[in-house]
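1. after the sequence you'll find the predicted model.
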Amino acid sequence: MSIDLKKFRVLIVDDYKTMLRIIGNLLRQLKFENIDEALDGGEALELLKHNKYDLIISDWNMEPMNGMELLKAVRANPNLKHIPFIMVTAESKTENVIAAKQAGVTNYIVKPFNAETLRLKLVSVVGEI
């Protein structure tokens, strides 16, 4: 069964506006329509207070609140902890992947990546799209 992409809401979190645009464009190519953006973890948490999301895609390295801190805050909140969380980073160090998994990340994408890589990660997290 595939998800309803018209209703499915995605939150992209990255402090680099170009990356927000790239991920947003890739999601739109995959027919996602409801896409919100935040420039850091704090801004993302504000949006999460007021909106219901079906997926969070977050960069790891951001200031002042990074992706790992955001992930831990989401997993610690009973109202948010069910939301699938994909971490995006240029770091492919094993200890980072392990730390993210221990913190409850759903999946992990290493930059640079293309639309097909993103699609495959999305399918593994949310099902057929």
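-> Cool, the structure landed.
2. tell me the spacing between the residue nearest the centre of the chain and Asp36.
-> With distances taken as C-alpha atoms, centre = their mean, Ile57 lies nearest the centre of the chain, 0.9 Å away. Separation of Ile57 from Asp36 (C-beta to C-beta, to the nearest Å): 11 Å. Every C-beta, even on glycine, is put in place using the N, C-alpha and C of the backbone.
3. which neighbours do those two share?
-> Val10, Leu11, Ile12 (C-beta atoms under 8 Å, 6 or more residues apart in numbering).
4. which among those residues end up buried?
-> Buried subset of these (neighbour count, 16 or more other C-beta atoms under 10 Å): Val10, Leu11, Ile12.
5. wait, isn't the last one in contact with Ile23?
-> Yes. Ile12 sits in contact with Ile23 when judged by C-beta atoms under 8 Å, with a separation of 5.1 Å.
6. got any residues that touch both of these two?
-> Listed contacts common to Ile12 and Ile23 are Ile57; contacts here mean C-beta under 8 Å, 6+ apart.
7. contacts for the strand or helix carrying Leu27?
-> With elements taken from DSSP states H and E, the one containing Leu27 is helix 17-29. Where contact means C-beta under 8 Å, 6+ apart, the residues beyond helix 17-29 that reach it are Val10, Ile12, Asp14, Ile35, Glu37, Leu39, Ile57, Asp59, Val88, Asn114, Ala115, Leu118.
8. buried residues in it, which are they?
-> Of the residues in helix 17-29, those with enough neighbours to count as buried (16+ other C-beta under 10 Å) are Met19, Leu20, Ile22, Ile23, Gly24, Leu26, Leu27.
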